[in-house]
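S.K.: The sequence and its predicted three-dimensional model are supplied below.
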Amino acid sequence: MEYRVKGKDIILRQPDFELSQTLDCGQAFRWADDGSGTFSGTFLNSPLTISPLDKGDNTFILHNTTEDEFLNIWYDYFDLSTDYGEIKRILSEDETLSKACAFAGGIRILRQDSWEALSSFIISQNNNIPRIKGIIGRLTEHYGKYPSFADMADETPESLAFLRAGFRAKYLVDAVDKFNSGTLTIDKIKSASVTDAGKMLMSIKGVGPKVCSCALLFGFYRLEAFPVDVWVRRVLDTYYPNGLPDCTKGIEGIAQQYLFHYIRNEYGKV
């Protein structure tokens, strides 16, 4: 990674990073493309607009961002300390993963806030991305920010009717109640094994294996978590009936992202 300050902007050179593959792949729901490849979004209460500056040189411009904000917020959020080139080299020991990495090599796992990601994926179940974004937009508009579980302590399924989230509202309230009561804590989930962390998350009403795995991968940066949906199940059945190859050990979640993006867009061309 290389960066420099230019006026009120940060110019970033970062290989293995593509905005649409990272910000519009279903791991976060508060980013929007203006149609030109520029994305605007928010991490908790910090807004950002980021544009590709020179795709050939892997450079980007982070607009109206101080160096302090870049180093203390966005450097971590975009996982800029991780060498995805090396990760792709390791995964490319497998033929199918090699093709997936080449196809969607700009994906990075965002280091999101644990509660925001968990609650977002509770909202996401049996839902499509535009509707998920709409629900989250109404939630943040109502609170003037992305609310913490403490902010939502007095909510009920009925009081959340403005979200138009349907059955998901009662699941969100159950999560809020469990965290506010101390039955669950972010720190306990972070420090537990991925198996035990999954059991904790699945104690929340409505949280099954898929939502749990997504929350662990995208909200707790547990790279060994491996969400399985219809597309990933197709990959497993077709290419890995005996399990994932050894090269994915410990980074199964990153492998999942490459495979998911590839098979969803290129099914039948592997």
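M.R.: Now that the structure is in, tell me what you want to look at. Numbers count the residues shown, from 1 in each chain.

S.K.: Give me the neighbour count for the residue lying closest to residue 58 once chain neighbours are set aside.
M.R.: Nearest non-adjacent residue to residue 58, counting by CB to CB, 6 or more residues apart in numbering: residue 15, 4.9 Å away. Heads up, the C-betas are built off the backbone N, CA and C, glycines and all. Close neighbours of residue 15, defined as other CB atoms under 10 Å, add up to 13.

S.K.: Same question for residue 96.
M.R.: Residue 96: 20 surrounding residues under other CB under 10 Å.

S.K.: repeat for the one 3 residues further on
M.R.: The burial count assigned to residue 99 is 17, neighbours taken as other CB under 10 Å.

S.K.: Where does the prediction get shaky in the chain?
M.R.: For the chain, the stretches flagged by pLDDT under 70 are 266-270.

S.K.: show me the contacts for the residue nearest to residue 58.
M.R.: 58, 84-85 (CB atoms under 8 Å, 6 or more residues apart in numbering).

S.K.: One more: residue 177?
M.R.: residue 183.

S.K.: same check, this time on residue 129
M.R.: Counting by CB under 8 Å, 6+ apart, residue 129 touches 26, 29.

S.K.: sorry, back to before: and the gap between the residue nearest to residue 58 and residue 50?
M.R.: Between residue 15 and residue 50 the computed distance is 16 Å (CB to CB, to the nearest Å).

S.K.: do residue 74 as well
M.R.: Applying CB to CB to residue 74 and residue 50 gives a distance of 8 Å.

S.K.: Of these two, which one has the most company?
M.R.: The neighbour comparison of residue 74 against residue 50 (other CB under 10 Å) goes to residue 50, with 23 against 19.

S.K.: I figured that one hits residue 63, correct?
M.R.: Yes. The criterion here is CB atoms under 8 Å, and residue 50 meets it with residue 63 at 7.0 Å.

S.K.: and residue 60, what helix or strand is that in?
M.R.: strand 59-63 (DSSP states H and E).

S.K.: which other helices and strands contact that strand?
M.R.: strand 9-13, strand 46-54 (3 or more CB pairs under 8 Å, 6 or more residues apart in numbering; DSSP states H and E).

S.K.: Just checking: what are the partner strands of it?
M.R.: Strand 59-63 pairs in its sheet with strand 9-13 (antiparallel), strand 46-54 (antiparallel), by DSSP bridges.

S.K.: Kindly reformat those as TSV containing distance to residue 32.
M.R.: TSV is the format used below for those (distance: least, CB to CB, whole Å):
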stretch	distance to residue 32
strand 9-13	20
strand 46-54	10
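
S.K.: Helices along this structure, start to end?
M.R.: Secondary structure of the chain (DSSP state H): helices at 19-23, 67-69, 75-77, 84-91, 95-103, 114-124, 129-143, 168-181, 186-191, 194-201, 209-219, 230-239, 252-266.

S.K.: Same list, those, but as JSON lines with distance to residue 246 please.
M.R.: Formatted as JSON lines, these follow (distance: least, CB to CB, whole Å):
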{"stretch": "helix 19-23", "distance to residue 246": "26"}
{"stretch": "helix 67-69", "distance to residue 246": "40"}
{"stretch": "helix 75-77", "distance to residue 246": "29"}
{"stretch": "helix 84-91", "distance to residue 246": "10"}
{"stretch": "helix 95-103", "distance to residue 246": "11"}
{"stretch": "helix 114-124", "distance to residue 246": "28"}
{"stretch": "helix 129-143", "distance to residue 246": "33"}
{"stretch": "helix 168-181", "distance to residue 246": "35"}
{"stretch": "helix 186-191", "distance to residue 246": "27"}
{"stretch": "helix 194-201", "distance to residue 246": "18"}
{"stretch": "helix 209-219", "distance to residue 246": "20"}
{"stretch": "helix 230-239", "distance to residue 246": "15"}
{"stretch": "helix 252-266", "distance to residue 246": "11"}
